[in-house]
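Chemist: Predicted model and sequence below, questions to follow.
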Number of protein chains: 2
Amino acid sequence: MLAQVRREPGITRASVARRLNLSTGSATEITARLRDLRLLTETPAPVRGRGRPTTVLAPHPSGPLVLAAELRQEDWRCAVATLDGRVEHLQAGRHASRDPGPVLAELRQVLDRSRRWYGERVRAVSLAVAATFVDGHLVQASNLGWGPVDLTGLIAGSGLPLLVGNDATLAGVAEARTGSASGAATALHLLVEVGIGGALIVGGHPVTGAGGAGGEYGHIPFGDRRLRCPCGARGCWDLEVDGRALARHLGEPPPADPHTYMRDVLDRAPRDAAARRAVAAVARALASGIAGLVNAHAPDVVTLGGFAGPLRAAAPAEFGEAYAEGLMTFRRAQPPPVLDAAHGDEGALRGAVAVGLDHVTSEAALASWAERHPR
Amino acid sequence: MLAQVRREPGITRASVARRLNLSTGSATEITARLRDLRLLTETPAPVRGRGRPTTVLAPHPSGPLVLAAELRQEDWRCAVATLDGRVEHLQAGRHASRDPGPVLAELRQVLDRSRRWYGERVRAVSLAVAATFVDGHLVQASNLGWGPVDLTGLIAGSGLPLLVGNDATLAGVAEARTGSASGAATALHLLVEVGIGGALIVGGHPVTGAGGAGGEYGHIPFGDRRLRCPCGARGCWDLEVDGRALARHLGEPPPADPHTYMRDVLDRAPRDAAARRAVAAVARALASGIAGLVNAHAPDVVTLGGFAGPLRAAAPAEFGEAYAEGLMTFRRAQPPPVLDAAHGDEGALRGAVAVGLDHVTSEAALASWAERHPR
DNA sequence: CCGGTTATACTCGTTGCACGAGCATAAGAC
DNA sequence: GTCTTATGCTCGTGCAACGAGTATAACCGG
């Protein structure tokens, strides 16, 4: 029932019962239990037509919460979410420094303040970072210029679970749950920022492999094997689809900030033929790689985040052509649609919220919540 | 409990109870129910040490069965399996023709005979074919030289479910359940025959995407973009890792039968320097692609089927080097082990059995079985 | 304003399933 | 021959959901 409330916030009790094939008796009983546990409340629903009015199910005003935060290249954000998945932004800011220490100290302050404010209601803290994680440990964040960093200090002493995840993976989760890929059993999300990240989402859950270290789609060798990637491998797709690739095509030196560089080139592409050609080449590399991944995984839908959408928009013909050419013939009749992400740059944060709520509504977490709120 | 019996055939009732944290009362009750339903039988277990002797749980002698068959390039096989996953081969033979009609007619005869013999016990028919399936329909079997073929005729009129799957995918399932990758949460299986197929197996289930059309790992563009693949795309990995690739490296024309050709080249590689070099090049292409997939999916283990194992064995140094070079630096400390498949060329058939048993032990199928065997 | 219609909620007895405590049983150990 | 150990069986208990029947709250039409 909690899952249903999350899928359709503002749903009425009667509809939930229908969706879950519950008898009215069971619905009564279950809602009463959830109300007593301070998980849900019922408020009279606006009446529509005949029949006895039903109630709208909503998160309990003193029910569990998830704190979610996102660390991006230049800034950070913090938000709080209720059981229905509604997100309220709390605070945001630019990093005070390029080093992990001050950045984490600032985030810790914000999290501490929020925890004090919401008290026992906070049941999990969920973090999205543009970084590679192995077994919940940040091993590398090339975007932020960080090596291995211990994030557990952010909530040390609170006893709360700290959930961490890659930003592209979490954005993919958000798209699959409530975004452009909602309803798709298998979805592929690709996020171009500096390099390319992504995730295959099956049944709403990312396929992240051993230790959650999967989703490094940027390091599949779709590119030129003569190019060495900072990751250590050769021919990485990463090198073909971001600002560094644009600079190579334009015969310019590698940009210090590939992110800003790409924005500039995309901006001037409509007027500048050379920029237009470079963008088209990158769009082709993106589309042809996507086609390869579609061949391998047959997603129902592909979603594009970050610069991936604008790249396609800037060279739609080349993108479409390379996508079609890269597909196996039998897939060309009904290729998976390639859609722009619905969540924009909120995706990673909303994905972190989703994962946090998954945890909070897990069997075990609900049991521990029930112990604290007896009767 | 049925799942546990399948995971550990020959397990005793007492151990099952321990594994599932069942009280002795529940174990008594559940086994009694399953016995009455003709799903399990209990036979006295060989005594070991003190204590009251327990019983071994085994499939009921008139319990449900799965018929499994595999269609390969030149031959076919048919087997029957009980709930504990034990497989008994029934019949095998070479194809009478290269056309689907006679081949399917022969297989249909064999299946019909088996169905008559086992009667109502047969609850599913599961098929492994070296082919691409979309929504359960065979759309292409380039290996067999078939286009779209309707397989439902194989069991028409029986009312049984026909489960179909790609051979590489099913072999991967077998490896993940009971083979070299058993216990791995995420496993990658790669099968080299003509071209390369594979599957990512998460929690024992293949990630097959929309309509089950995934797993076409051979058509990821890891290769030379100038080469056009029969599949319609360019630069497919397929073209780099099979007999056709060996022929290109040896400067010979594309072989009519890449399968036999590869066996020949592998055979003479120890004596023939040119063959050795060609094999090494192919082993490198294989390993470097595997490394790319490991970067993307972070499997716990990679298993090699078909010619993939022999290719590595013929050029272990080159394979290992290309594998390591293709990995992201942070993965090199503990790269996923690359193991030869444990099931050999039985993999696909055993995978088909596994999928068939999954179906037979599903909630719905057990309910329908229970209706037929009341009390 | 009042019975009829409709949609939903509440009550209560029933059912299914597993648990746990206590007792029974079958083997080896002393 | 008893003791110990491991397991199986019986039975009363509890939980969760169901279904049938009843109650309630809105609209509708006269």
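Modeler: Received the coordinates, thanks.

Chemist: which parts of the stretch 101-250 of chain A sit against chain B?
Modeler: A:132, A:134, A:139-140, A:184-186, A:200, A:202, A:207-217, A:219-222, A:231-234 (C-beta under 8 Å from any C-beta of the partner chain). All C-beta atoms are positioned from the backbone trio N, CA, C, and that covers glycine.

Chemist: Point out where chain A drops to low pLDDT.
Modeler: A:374-375 (pLDDT under 70).

Chemist: Return the residues of it in contact with DNA strand D.
Modeler: Selection of chain A residues close to DNA strand D by C-beta under 7 Å from any atom of the strand yields A:21-26, A:29-30, A:44, A:47, A:49-53.

Chemist: Mind doing that once more with 6 Å?
Modeler: Counting by C-beta under 6 Å from any atom of the strand, chain A comes close to DNA strand D at A:22-26, A:29-30, A:47, A:49-53.

Chemist: Would you write out the ChimeraX command that picks the buried residues out of those residues?
Modeler: Buried residues among the residues of chain A next to DNA strand D (16 or more other C-beta atoms under 10 Å in any protein chain shown), as a ChimeraX selection:
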select /A:22,30
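
Chemist: ok, and of the residues of chain A next to DNA strand D, which contact DNA strand C?
Modeler: Among the residues of chain A next to DNA strand D, DNA strand C is touched by A:Thr24, A:Gly25, A:Arg50, A:Gly51, A:Arg52 when using C-beta under 6 Å from any atom of the strand.

Chemist: do you know how far the nearest residue to the first one once chain neighbours are set aside is from A:Glu29?
Modeler: Meaning A:Thr24. What sits nearest to A:Thr24 in space, not counting adjacent residues and going by C-beta to C-beta, 6 or more residues apart in numbering or on different chains, is A:Ala17, at 6.4 Å. A:Ala17 is 11 Å from A:Glu29, where distance means C-beta to C-beta, to the nearest Å.

Chemist: Which residues are in contact with each of these two?
Modeler: By C-beta atoms under 8 Å, 6 or more residues apart in numbering or on different chains, A:Ala17 and A:Glu29 have no common neighbours.

Chemist: quick one: the strands in the stretch 51-200 of chain A?
Modeler: A:55-59, A:65-71, A:75-81, A:87-94, A:122-129, A:132-134, A:137-140, A:162-166, A:186-193, A:195-202 (DSSP state E, counting those that start in this stretch).

Chemist: Put together TSV for the ones you listed, with mean neighbour count and distance to A:Arg35 on each row.
Modeler: Formatted as TSV, these follow (neighbours: other C-beta atoms under 10 Å in any protein chain shown; distance: least, C-beta to C-beta, whole Å):
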stretch	mean neighbour count	distance to A:Arg35
strand A:55-59	20	9
strand A:65-71	27	18
strand A:75-81	20	20
strand A:87-94	14	23
strand A:122-129	26	18
strand A:132-134	22	37
strand A:137-140	18	40
strand A:162-166	23	27
strand A:186-193	28	35
strand A:195-202	28	33
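
Chemist: Select, out of those strands, the one closest to A:Arg38.
Modeler: strand A:55-59 (9.6 Å; C-beta to C-beta).

Chemist: Return the distance of the closest one from the chain's centre.
Modeler: 26 Å (C-alpha atoms, centre = their mean, to the nearest Å).

Chemist: what angle separates that strand from strand A:65-71?
Modeler: 50 degrees (axes from the mean of the first three to the mean of the last three C-alpha atoms, to 10 degrees).

Chemist: Output strand A:55-59 in PDB, but only the C-alpha positions, please.
Modeler: This file holds the C-alpha atoms of strand A:55-59, laid out as PDB (Å, rounded to 0.1, in the frame of the first residue of the first chain):
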ATOM      1  CA  THR A  55     -10.400   9.500   1.700                       C
ATOM      2  CA  VAL A  56      -7.100  10.500   0.200                       C
ATOM      3  CA  LEU A  57      -4.000   8.700   1.600                       C
ATOM      4  CA  ALA A  58      -1.100  10.900   2.400                       C
ATOM      5  CA  PRO A  59       2.100  10.600   4.400                       C
END
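
Chemist: outside of that strand, which residues touch it?
Modeler: By C-beta under 8 Å, 6+ apart, strand A:55-59 touches A:1, A:5, A:10-13, A:16, A:31, A:39-45, A:82-84, A:86.

Chemist: now those: which count as buried?
Modeler: Of these, these count as buried by 16+ other C-beta under 10 Å: A:1, A:5, A:11-13, A:16, A:31, A:39-42, A:45, A:82-84.

Chemist: with those residues in mind, which one is nearest to DNA strand C?
Modeler: A:Arg13 (3.9 Å; C-beta to the nearest atom of the strand).

Chemist: From what I see, the closest one and A:Ala27 are in contact.
Modeler: Yes: if you go by C-beta atoms under 8 Å, A:Arg13 and A:Ala27 touch, sitting 6.1 Å apart.

Chemist: where do the contact lists of those two overlap?
Modeler: Applying C-beta under 8 Å, 6+ apart, one finds that no residue jointly contacts A:Arg13 and A:Ala27.

Chemist: farthest-separated two in the ones next to DNA strand C among the residues of chain A next to DNA strand D?
Modeler: A:Gly25 and A:Arg50 (22.3 Å).

Chemist: Tell me which stretches of the stretch 251-375 of chain A form strands.
Modeler: Using DSSP E, counting those that start in this stretch, strands in the stretch 251-375 of chain A cover A:301-306, A:338-340.

Chemist: Can you say which of the ones you listed is packed in most?
Modeler: Among the strands of the stretch 251-375 of chain A, the stretch with the highest mean neighbour count (mean count of other C-beta atoms under 10 Å in any protein chain shown) is strand A:301-306, at a mean of 27.

Chemist: For that strand, name the packing helices and strands.
Modeler: The contact analysis (3 or more C-beta pairs under 8 Å, 6 or more residues apart in numbering or on different chains; DSSP states H and E) places strand A:301-306 against helix A:167-178, strand A:186-193, strand A:338-340.

Chemist: could you redo the last one with a cut-off of 10 Å?
Modeler: helix A:167-178, strand A:186-193, strand A:195-202, helix A:273-297, helix A:308-314, strand A:338-340, helix A:347-360 (3 or more C-beta pairs under 10 Å, 6 or more residues apart in numbering or on different chains; DSSP states H and E).
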